[in-house]
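> heads up, no residue letters with this:
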DNA sequence: GTAATCATTAAGTCTGTGTAAACAGTCCGC
DNA sequence: GCGGACTGTTTACACAGACTTAATGATTAC
């Protein structure tokens, strides 16, 4: 599973700040685009379709709030993350900023580390496919160690079996369609028969020894204890 | 469609703060649960499954950070929103808090308006990625889980039955013509006899045990409680 | 009262799933 | 390179249950 670089657009009229933020975000692996005023920000946002837009509130041409409103009014930017960054930290502006549809509001000066933590937190919420230890009652799934524990017993699953279990366990109760499973575990392009999923499900059920995967006939499978 | 109230759990050892936050959140229409230490927060979180948890960092029994870690390690709280609230605004704590999996980190004292804006901003973001659950009186229809609940009882419907119920329940009171039903549930091209619908309707009525589908003779069916 | 429409039931068909077994590919140690 | 162990995939078949149909009885509209 490859993670393509997240695109971040930063708009600020102070070159120094632009540089500092760009430096830090690049180091974290983000692809950074910069703009020095509101109009340029809008134009570049349209062209590059960033995942996150960081807007200085006080900018020439158009303010950050104006840019935010214009972006939010377009369907293409409905899910785009937006952070306001500003030296003016009066309450009214912050509230208006957040109500315009921004996802966070940060005051300058801000430490680069805190800044990065906030950016990461936003992205974390957005993509839920993060590798972290899952615990459900007496079962733990550790994607990093590639280990499943039921009670105290460690169970060894094969790669596909493990990925399949991870997918289902990520959203317990939610039904995954066979197509979803194929796309997520096998990849959109690979063509395998439908029975393949069954066989893997069976092996998981067999190895785990407990009944935690429910079949929803004609629809798919779901994880449940 | 009615929107069920979002549940918010607040954990803080200062009764004053608990009261202020509760007052403000309740006014906005949130359902508020409170806890006065870490252990109580964990216990109530498990019981009530809140949508948002607000944690004071410095609490008796367990700190907010510890509670956050424990919650995040359980799959059931993977998507639960978490906000840290603290008087200690040192950089390290904030970063650690955010990296633990919190979605926001706020410093006391905080204006109620700003606080509410932030809470609303988080829910706004969440809404976009969440499939909608239909709730009608004591019945809930969850397309993601493929489950219908009447009262506390979970009822398992077959695929066609479920799709049919979803269709009707989407617009309670509205009459769906037999043709509409055929097109929506079976597809424009599939040819099945009229009696087929009747049989499925019957099975739904039978399984649900309550009289929620009304026949409109010569026209079609409608969902009604 | 009659015809049309719907409910109910039983029975048959058919699709989707579980399972076992076999095959192909990969990774290892030797 | 060779053989064994293991994983991933396919195939074939049996079975359950979902779906459909048809036949009969009940209800409604006119």
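Alright, I've got the coordinates. What you are looking at is a predicted structure, and each value in this text was computed from that prediction instead of being measured. Residues are numbered from 1 along each chain as shown, chains lettered A, B, ... in the order given.
> could I get the full set of strands for chain A?
Remark: strands assigned in chain A by DSSP state E are A:7-11, A:31-35, A:52-56, A:81-86, A:104-107, A:134-136, A:139-142, A:147-150, A:153-155, A:175-177, A:213-216, A:220-223.
> excluding covalently adjacent residues, which one is nearest to residue A:111?
Excluding its sequence neighbours, the residue lying closest to residue A:111 (CB to CB, 6 or more residues apart in numbering or on different chains) is residue B:91, at 5.5 Å. No exception for glycine: its C-beta is placed from N, CA and C like everyone else's.
> repeat for residue A:151
residue A:138 (5.2 Å).
> now do that neighbour against residue B:168, distance only.
Residue A:138 is 40 Å from residue B:168, where distance means CB to CB, to the nearest Å.
> quick one: residue A:21 and residue A:11 touch, right?
No: using CB atoms under 8 Å, residue A:21 makes no contact with residue A:11, being 10.4 Å away.
> of the two, who's got more company?
More crowded of residue A:21 and residue A:11, by other CB atoms under 10 Å in any protein chain shown: residue A:11, with 27 against 22.
> ok, and the closest non-adjacent residue to the more buried one?
residue A:41 (3.6 Å).
> mind listing what the one you found touches?
A:9, A:11, A:35, A:53, A:55, A:59, A:62, A:67 (CB atoms under 8 Å, 6 or more residues apart in numbering or on different chains).
> could you measure from it over to residue B:163?
45 Å.
> one more: residue A:72?
34 Å.
> those two: who's more crowded?
Shown here are residue A:72 and residue B:163; by other CB under 10 Å, residue B:163 has more neighbours (19 against 15).
> which residues are in contact with that one?
By CB under 8 Å, 6+ apart, the neighbours of residue B:163 are B:184-185.
> now with 7 Å?
By CB atoms under 7 Å, 6 or more residues apart in numbering or on different chains, the contact set of residue B:163 is residue B:185.
> number of nearby residues for residue A:156?
Using other CB under 10 Å: residue A:156 sits among 10 other residues.
> okay, it: pLDDT?
Note on residue A:156: pLDDT of 91.
> and it, backbone torsions?
Backbone torsions of residue A:156, given as degrees, to the nearest 10, read phi -100, psi 120.
> let me have the strands of chain A in CSV, extended by distance to residue A:95.
What follows is those, written out as CSV (distance: least, CB to CB, whole Å):
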stretch, distance to residue A:95
strand A:7-11, 21
strand A:31-35, 25
strand A:52-56, 16
strand A:81-86, 11
strand A:104-107, 9
strand A:134-136, 37
strand A:139-142, 41
strand A:147-150, 46
strand A:153-155, 51
strand A:175-177, 40
strand A:213-216, 44
strand A:220-223, 41
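> to DNA strand C, which of these lies closest?
strand A:213-216 (3.7 Å; CB to the nearest atom of the strand).
> in its sheet, what does the closest one sit against?
strand A:220-223 (antiparallel) (DSSP bridges).
> now the strand it pairs with, how far from the chain's geometric center?
Put simply, strand A:220-223 sits 23 Å off its chain's centre (CA atoms, centre = their mean, to the nearest Å).
> is any part of it close to DNA strand D?
No: judged by CB under 7 Å from any atom of the strand, strand A:220-223 makes no contact with DNA strand D; its nearest approach is 13.4 Å.
> which residues of chain A lie near DNA strand D?
Residues of chain A lying near DNA strand D by CB under 7 Å from any atom of the strand: A:156, A:158-161, A:186, A:190-193, A:195-196, A:199-200, A:217-218.
> hmm, 10 Å instead?
Contacts of chain A with DNA strand D, taken as CB under 10 Å from any atom of the strand, map to A:156-164, A:182, A:185-187, A:190-200, A:202-203, A:207, A:215-219.
> in helices, which of those fall?
Among the residues of chain A next to DNA strand D, the residues falling in helices (DSSP state H) are A:159-164, A:195-200, A:202-203, A:207.
> among these, which are within reach of DNA strand C?
Applying CB under 10 Å from any atom of the strand to those, those adjacent to DNA strand C are A:195-200, A:202-203.
> so for residue A:43, what's the pLDDT?
Here the pLDDT value assigned to residue A:43 is 89.
> so for the closest residue in space to it that isn't next to it in sequence, what's the pLDDT?
Nearest residue to residue A:43 in three dimensions, chain neighbours excluded: residue A:35, at 7.8 Å (CB to CB, 6+ apart). For residue A:35, the pLDDT comes out at 89.
> so who does residue A:35 touch?
Counted by CB under 7 Å, 6+ apart, residue A:35 has contacts A:9, A:11, A:41, A:44.
> follow-up on the earlier one: and residue A:138 and residue B:168? Which one has more around it.
residue B:168 (26 against 12).
> so where is chain A shaky, pLDDT-wise?
A:1-4, A:127-132 (pLDDT under 70).
> quick one: the residue nearest to residue A:151 and residue A:152 touch, right?
No: if you go by CB atoms under 7 Å, residue A:138 and residue A:152 don't touch, sitting 9.0 Å apart.
> mind checking how far residue A:133 is from DNA strand D?
Going from residue A:133 to DNA strand D by CB to the nearest atom of the strand, to the nearest Å gives 21 Å.
> skipping adjacent residues, who's closest to that residue in space?
Using CB to CB, 6+ apart, the closest residue to residue A:133 is residue A:142 (4.8 Å).
> again with residue A:162
Closest to residue A:162 by CB to CB, 6+ apart is residue A:146, at 6.2 Å.
> which ones are touching residue A:56?
Contacts here follow CB under 7 Å, 6+ apart; on that basis residue A:56 touches A:11-13, A:64, A:85-86.
> which of those sits closest to chain B?
residue A:86 (13.6 Å; CB to the nearest CB).
> the closest one contacts residue A:104, doesn't it?
No: using CB under 7 Å, residue A:86 is not in contact with residue A:104; the gap is 11.6 Å.
> could you count how many residues lie near residue A:109?
Residue A:109, neighbours per other CB under 10 Å, totals 8.
> and it, its phi and psi?
phi -80, psi 150.
> distance of it from residue A:190?
Residue A:109 is 50 Å from residue A:190, by CB to CB.
> cool, residue A:47 as well?
33 Å.
> and what of residue A:156?
24 Å.
> now residue A:110. Nearest residue, chain neighbours left out?
residue A:85 (7.5 Å).
> the one you found contacts residue A:53, doesn't it?
No: Residue A:85 is beyond contact range of residue A:53, at 10.5 Å (criterion: CB under 7 Å).
> okay, the two: which has more neighbours?
A direct count of neighbours by other CB under 10 Å for residue A:85 and residue A:53 places residue A:53 higher, at 28 against 22.
> what's across from the more buried one in the sheet?
residue A:9, residue A:82.
> contacts only, for it.
Residue A:53 neighbours (CB under 7 Å, 6+ apart): A:9, A:45, A:71, A:80, A:82.
> now the residues you listed in CSV, with distance to residue B:173 and neighbour count?
Converted to CSV, the contacts of residue A:53 look like this (distance: CB to CB, whole Å; neighbours: other CB atoms under 10 Å in any protein chain shown):
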residue, distance to residue B:173, neighbour count
A:9, 46, 25
A:45, 43, 25
A:71, 38, 21
A:80, 38, 20
A:82, 39, 26
